[in-house]
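> Next input, structure requested:
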Amino acid sequence: MNKQVILKQRPVGLPDESTWETVKADIPAAKDGEVVVKQHYISLDPAMRGWMNDSKSYLPPVGIGEVMRAGSVGEVVESKHPDFQVGDYLSGWGGVQQYAATDAKGWFKVDPNLVSLPTYIGTLGMPGMTAYFGILEVGKIKEGETVLISGAAGAVGSIAGQIAKIKGCKVVGIAGGAEKCAYLKDELGFDGAIDYKNEDIQAAIKRECPKGVDVYFDNVGGDILDAALANLRMHGRVPLCGAISQYNSTEGIAGPKNYLSLLVNRGTMQGFIILDYVKDYQKAAMEMGTWMAQGKLKSREDVHEGIENFRETFLRLFSGEKLGKLVLKVMDN
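Coordinates of the predicted model:
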């Protein structure tokens with residue numbers, strides 16, 4: 001049987017036990033032009049929270065009764081597609097289920113002999129691509145600049161910060177707790193770290209970035225975005241990647257109060273969606289793969305097991321009980 005996680009009702013605030021339902025269905029059969037993928041790992045990302053809202057966005061909302069949308073990686077076990085064979089490994093949008101039948105549009109062939117499968121939904125998947133294009137194309141970082149990153153110990157922030165270091169920037173990360181801050185400096189090579197749970201953010205940014213911030217890569221929104229805007233340098237850039245502090249708000253989104261800093265400093269704040277860069281994924285993956293082989297770019301996956309543990313694991317995105325890329329193993333290799 002195929003275990004699936006179905007969206008049962010739209011959450012208000014933090015998803016609770018009534019949000020999803022785990023059901024069993026027959027393992028699908030491939031139609032002409034399709035493959036069936038036995039999914040090994042599911043990607044858990046903050047964006048999934050937004051996909052559950054019935055509101056206009058860059059993707060249509062997940063429908064009630066539909067399999068929860070998610071990135072995934074797994075093995076082809078049946079193929080009626082000319083480009084894929086049984087035994088191939090693919091990464092794509094398989095959803096939170098153990099088996100997925102798909103026409104494979106938007107899926108990519110991957111090689112488990114080069115890196116581990118979870119890496120293909122982490123550093124070499126959507127989070128890594130988000131970091132790569134967000135920091136290079138939107139942030140337009142230059143050697144010698146000061147880059148500040150929130151959510152810096154997470155899947156996107158940790159990669160964005162390392163890329164900025166590779167490009168010769170001073171990098172300061174914001175994370176929650178001493179362990180994560182130590183990880184940023186000791187393992188990833190960040191120049192400084194700010195513990196937002198135990199420090200005054202404004203004072204800490206001034207301490208770590210005394211000349212101000214050239215690029216602030218925003219993953220969290222809220223008060224931290226405001227503090228970063230207050231410390232923006234002339235012609236500073238703010239790539240808007242996410243706002244995890246706001247996703248479960250029941251009182252509406254708290255917008256930036258210090259936005260006039262953009263006017264005074266001739267700064268820019270630009271949102272971006274990674275789907276806009278699909279045509280350049282291969283180029284980015286090759287460059288990041290080279291950095292990984294050279295030891296310049298480190299990848300870390302926080303893997304949990306069991307599709308029945310989906311909700312509990314998903315909520316780690318918002319409690320901070322994770323380090324690096326959060327992954328759910330749903331089937332054995």
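> drop to CA atoms for contacts and neighbour counts, all remaining ones
Will do.
> pLDDT score for E321?
What the model reports for E321 is a pLDDT of 89.
> same question, M331
89.
> Check S57 too.
Reported pLDDT for S57: 85.
> Surely it is in a strand?
No. Assessed with DSSP: H, G, I helix; E, B strand; the rest coil, S57 is coil; it does not lie in a strand.
> Could you report the neighbour count for it?
10 (other CA atoms under 10 Å).
> Contact partners for the most centrally placed residue in the chain?
By CA atoms, centre = their mean, the chain has its centre lying nearest to P127, at 3.8 Å. Counting by CA atoms under 8 Å, 6 or more residues apart in numbering, P127 touches I121, A155, V156.
> For the stretch 51-200 of the chain, which segments count as helices?
Ranges of helices within the stretch 51-200 of the chain are 126-133, 155-166, 178-182, based on DSSP state H, counting those that start in this stretch.
> What is the shortest one packed up against?
Right, the one you point to is helix 178-182. strand 170-175, strand 192-195 (3 or more CA pairs under 8 Å, 6 or more residues apart in numbering; DSSP states H and E).
> Between those, which one is closest to D223.
In terms of CA to CA, the element of the helices and strands packed on helix 178-182 nearest to D223 is strand 170-175, at 12.4 Å.
> Report the angle between the closest one and helix 155-166.
160 degrees (axes from the mean of the first three to the mean of the last three CA atoms, to 10 degrees).
> coming back round to it: looking at the helices of the stretch 51-200 of the chain, spot the one closest to V220.
V220 lies closest to helix 155-166 among those, at 10.3 Å (CA to CA).
> Show me what counts as buried in that closest one.
Buried residues in helix 155-166, counted by 16 or more other CA atoms under 10 Å: A155, V156, G157, S158, I159, A160, G161, Q162, I163, A164, K165.
> mind saving the C-alpha coords of it as CSV?
Taking Å, rounded to 0.1, in the frame of the first residue of the first chain, the C-alpha atoms of helix 155-166 are listed here in CSV:
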residue,chain,number,x,y,z
ALA,A,155,18.8,24.9,4.9
VAL,A,156,18.9,28.1,2.9
GLY,A,157,20.7,30.5,5.2
SER,A,158,23.7,28.1,5.9
ILE,A,159,24.3,27.7,2.1
ALA,A,160,23.8,31.4,1.3
GLY,A,161,26.3,32.4,4.0
GLN,A,162,28.9,29.9,2.8
ILE,A,163,28.5,31.1,-0.8
ALA,A,164,29.1,34.7,0.4
LYS,A,165,32.3,33.5,2.2
ILE,A,166,33.4,31.8,-1.0
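> Check which helices and strands it is in contact with.
helix 126-133, strand 146-149, strand 170-175, strand 325-329.
> model confidence over the third one, on average?
Within the predicted structure, the mean pLDDT of strand 170-175 is 98.
> for the first one, same thing?
Helix 126-133 comes out with an average pLDDT of 96.
> what's the answer for the shortest one, then?
The average pLDDT for strand 146-149 rounds to 98.
> Name the surrounding residues that touch it.
Strand 146-149 has contacts (CA under 8 Å, 6+ apart) with 141, 157, 160-161, 164, 169-174, 209, 212-219, 228.
> How about the last one?
Contact with strand 325-329 is made by 40-45, 118, 122, 154-156, 300-307, 310, 313, 317, as judged by CA under 8 Å, 6+ apart.
> Point out the most buried one among the helices and strands packed on helix 178-182.
strand 170-175 (a mean of 26; mean count of other CA atoms under 10 Å).
> now for the helices and strands packed on helix 155-166, which one comes closest to K109?
Nearest to K109, of all the helices and strands packed on helix 155-166, is helix 126-133, at 14.4 Å by CA to CA.
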